[in-house]
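*Asks:* how would this look folded up:
(one chain, ligands or ions: 1)
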Amino acid sequence: PDLIADLRLSDLAAEPLWPSALVAGAAHYADSAARDMRSPIDHALLGSYAPASAGLVNHAVEAAHGAFLKWRTVPAPLRGELVRRIGEQIRQRKQALASLITLEAGKISSEAEGEVQECIDICDFAVGLSRQLHGLTIASERPSHRMMEQWQPLGAVGVITAFNFPMAVWAWNAMLALVCGNAVVWKPSEKTPLCAIALQRLVESTIDEMTESVPAHLCQLVLGEREAGERLAAHPLLPLLSATGSTRMGRTVAQAVAARLGRSLLELGGNNALIVAPTADLEMALRAIVFSAAGTAGQRCTSLRRLIVHESLVDTLCQRLTQAFESLPIGHPGAEGTLVGPLVDAEAYWAMQQALQAAEQQGGQRLAGGNRLEQGVPDHGYYVRPALVKVPGNLPIVMEETFAPILYLMPYSELQDAIDLNNAVSQGLSSAIFTDSVREAETFLGPAGSDCGIANVNIGTSGAEIGGAFGGDKDTGGGRESGSDAWRNYMRRTTNTVNYGTALPLAQGVKFEV
Ligand code: NAD
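*Replies:* Sure, this is the predicted structure:
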């Protein structure tokens, strides 16, 4: 009952677009035995959903492909109009959608609202893009010839998403895919089907308002676990599969997609580091460190996991961070003032405990946190105090991504050593340096600096804006999504040469007279 009061679930249920699962059980997007949906807040049963069978996945892909064949010839700015309206719907329901993220993923309210804002922002971005999907014109070596490139719609795009961004990652992919002239088949995390059903209903109702220009079945939702994802990865009618989640998942998906010579766009795990240099503004650095490490209970792909501190500052930072971690307000993510909500489930909690144990066995020293809270938090949820562990360097456990709030702090003496530590892990997503030295900052950003897709100066590792391309290299998968020219991933390029002369000169001066 408290949960319902806190999150105004009754308002959600009254909203006609909302998941019937909240009110009455399984949705019509699935056709097999039901699975329980539970909230990480207190393990309360939210409803049930049924994973899609092989037949249903196939049906969804074929329907999306059929819609694509019509959608690809709709002028791009008109495709943008659909996305504009979807963005408007999301804007009007920002609070309610954020409540659903809090309920299902356990994010604190302001972060949940931030995630919905990200969906709105990418819609705006995609609408603008719908008038600028431009190619180049290229000087031809032949007289009276024109050479150009065009970007064409690609097909139905498969989108597999992780639990920790149950709405934004879909929006990054789907809104760009739609303006690029593609259909979308979405397989959300099995931990967050309600967020997906809510957005799907909203999209379907928007499509229903535009039946003259928008084909039915353009956006498909398939609920399910890894099997549903595997079926998408193997499906020949999905020329592009975008997958966000663990590196383990990405390796499997990449191989399945490559086996049919499809394209994959991978956004996988991170193991992000921040360097604190001697000239760093410590107050700013502290705020950035605590938000990046403890925000979203350490469950962001860009969460700060490794803090590389100049040896002159180690004692000060150990002390200040211990204090900060010990005083963080932890509890119900919907309650005012909470900064750290629950871990997503018991499995995440045990993975965290195992990592802490391994860190201590390998020579780490726990300075703060790591324990489960039982008082002042909702029953049955996994609430932990973020852990600070001092380590001599990249211990084996530090090389792994543990998806929980553990910050490993290690010393360095020369900048080059710090950069080497930053780059020594297999993942390559986000990184940062706090320094007032231009020389250090530019070295970190330069070609021999950070090897991550995201490298920041004087801000933390998490909380990217949608205008930039988002993603990382190495085991993070190499994909780039969201802003900049990431849209090109969702299109196919054609090079066109037009001869407007009366002769037929061959390229490279080749002679072939017949
Ligand atoms: P996960 O890998 O367990 O699941 C992600 C998605 O993949 C889910 O929808 C799941 O059902 C599906 N899946 C799992 N195995 C699959 C398989 N073999 N074939 C096809 N689909 C499969 O990840 P998670 O626990 O939901 O999310 C946490 C992970 O996601 C972390 O590693 C985090 O760093 C990563 N992540 C990365 C980004 C990024 O942009 N780089 C963003 C968010 C999360």
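
*Asks:* which SS state does whichever residue of the stretch 51-200 of the chain sits closest to the ligand fall under?
*Replies:* With C-beta to the nearest ligand atom as the measure, A162 is the residue of the stretch 51-200 of the chain nearest to the ligand, at 3.2 Å. C-beta here means a position set from N, CA and C on the backbone, and glycine is covered the same way. Three states are possible here, and by DSSP: H, G, I helix; E, B strand; the rest coil the one that applies to A162 is coil.

*Asks:* so it sits against V169, correct?
*Replies:* Yes. Shown here, A162 and V169 form a contact pair, counting by C-beta atoms under 8 Å, at 6.7 Å.

*Asks:* got any residues that touch both of the two?
*Replies:* Taking C-beta atoms under 8 Å, 6 or more residues apart in numbering as the contact rule, the neighbours common to A162 and V169 are T244.

*Asks:* coming back round to it: could you check how far the residue of the stretch 51-200 of the chain closest to the ligand is from S246?
*Replies:* 8 Å (C-beta to C-beta, to the nearest Å).

*Asks:* kindly report the same for R142.
*Replies:* For R142, the distance to S246 equals 51 Å [C-beta to C-beta].

*Asks:* against the ligand, how distant is Q255?
*Replies:* The gap separating Q255 from the ligand is 10 Å, by C-beta to the nearest ligand atom, to the nearest Å.

*Asks:* more neighbours: which of A162 and S246?
*Replies:* A162 (23 against 16; other C-beta atoms under 10 Å).

*Asks:* in space, what's closest to I101 - neighbours in sequence excluded?
*Replies:* Distances taken as C-beta to C-beta, 6 or more residues apart in numbering place A112 nearest to I101, at 4.0 Å, with adjacent residues excluded.

*Asks:* what's near enough to touch that neighbour?
*Replies:* Contacts here follow C-beta under 8 Å, 6+ apart; on that basis A112 touches 98-99, 101-102, 105, 333.

*Asks:* which element is it on?
*Replies:* Secondary-structure assignment from DSSP states H and E places A112 in helix 109-129.

*Asks:* for the residue most central in space within the chain, which residues are in contact?
*Replies:* Centrality entry for the chain: nearest residue to the mean C-alpha point is V169, 4.4 Å, by C-alpha atoms, centre = their mean. Remark: with contacts taken as C-beta under 8 Å, 6+ apart, V169 is in contact with 159, 161-162, 244, 267, 481.

*Asks:* most neighbours out of those residues, which is it?
*Replies:* E267 (30 neighbours).

*Asks:* how close does that residue sit to the ligand?
*Replies:* Shown here: E267 relative to the ligand, a distance of 3 Å by C-beta to the nearest ligand atom.

*Asks:* same question for V340.
*Replies:* With C-beta to the nearest ligand atom as the criterion, V340 and the ligand are 18 Å apart.

*Asks:* I figured that residue was touching L328, is that so?
*Replies:* Yes. Applying C-beta under 8 Å, one finds V340 in contact with L328, separated by 5.4 Å.

*Asks:* between the two, which is the more surrounded one?
*Replies:* V340 (25 against 17).

*Asks:* how about the more buried one, nearest residue that isn't a chain neighbour?
*Replies:* If you skip the residues right next to it in sequence, V340 has I330 as its closest partner in space, 4.4 Å away by C-beta to C-beta, 6+ apart.

*Asks:* same question for H217.
*Replies:* Spatial nearest neighbour of H217, excluding adjacent residues (C-beta to C-beta, 6+ apart): A63 at 3.9 Å.

*Asks:* helix/strand/coil for the one you found?
*Replies:* Reduced to three states by three-state DSSP, A63 is helix.

*Asks:* right, and it touches Q220 too?
*Replies:* Yes. A contact is recorded between A63 and Q220 when judged using C-beta under 8 Å, the distance being 6.1 Å.

*Asks:* and the two? which has more neighbours close in?
*Replies:* Neighbour count, other C-beta under 10 Å: between A63 and Q220, Q220 has more, with 27 against 18.

*Asks:* quick one: what helix or strand has the more buried one in it?
*Replies:* Going by DSSP H and E, Q220 is in strand 219-221.

*Asks:* just the buried positions in the helix or strand following that strand, please.
*Replies:* Going down the chain from strand 219-221, the next helix or strand is helix 226-234, by DSSP H and E. Under the neighbour-count criterion of 16 or more other C-beta atoms under 10 Å, helix 226-234 has 226, 228-234 buried.

*Asks:* specify which member of the residues you listed is nearest to the ligand.
*Replies:* Checking the buried residues of helix 226-234 against the ligand by C-beta to the nearest ligand atom gives G229 as the nearest, at 2.2 Å.

*Asks:* spatially nearest residue to that closest one, not counting backbone neighbours?
*Replies:* Taking C-beta to C-beta, 6+ apart, and ignoring the residues beside it in sequence, G229 has I160 as its nearest neighbour in space, at 4.8 Å.

*Asks:* now do S484
*Replies:* Nearest non-adjacent residue to S484 (C-beta to C-beta, 6+ apart): A469, at 3.9 Å.

*Asks:* burial measure for S312, as a count.
*Replies:* Using other C-beta under 10 Å, S312 has 12 neighbouring residues.

*Asks:* and the closest residue to it other than its chain neighbours, what helix or strand is that in?
*Replies:* Distances taken as C-beta to C-beta, 6+ apart place P278 nearest to S312, at 5.7 Å, with adjacent residues excluded. Per DSSP H and E: P278 is located in neither a helix nor a strand.

*Asks:* count the residues that sit near P278.
*Replies:* Under the neighbour criterion other C-beta under 10 Å, P278 is assigned a count of 14.

*Asks:* let me see the backbone angles for it.
*Replies:* Recorded main-chain torsions at P278 are phi -60, psi -30, according to degrees, to the nearest 10.

*Asks:* ok, I454 next?
*Replies:* In terms of degrees, to the nearest 10, the main-chain angles of I454 are phi -120, psi 120.

*Asks:* likewise the one 4 residues further on?
*Replies:* N458 adopts backbone torsions of phi 60, psi 30, taken as degrees, to the nearest 10.

*Asks:* was I right to think it contacts F434?
*Replies:* Yes. Under the criterion of C-beta under 8 Å, N458 lies in contact with F434, with a separation of 5.7 Å.

*Asks:* overlap in contacts, those two.
*Replies:* Taking C-beta under 8 Å, 6+ apart as the contact rule, the neighbours common to N458 and F434 are 281, 284, 288.

*Asks:* perfect, that will be all.
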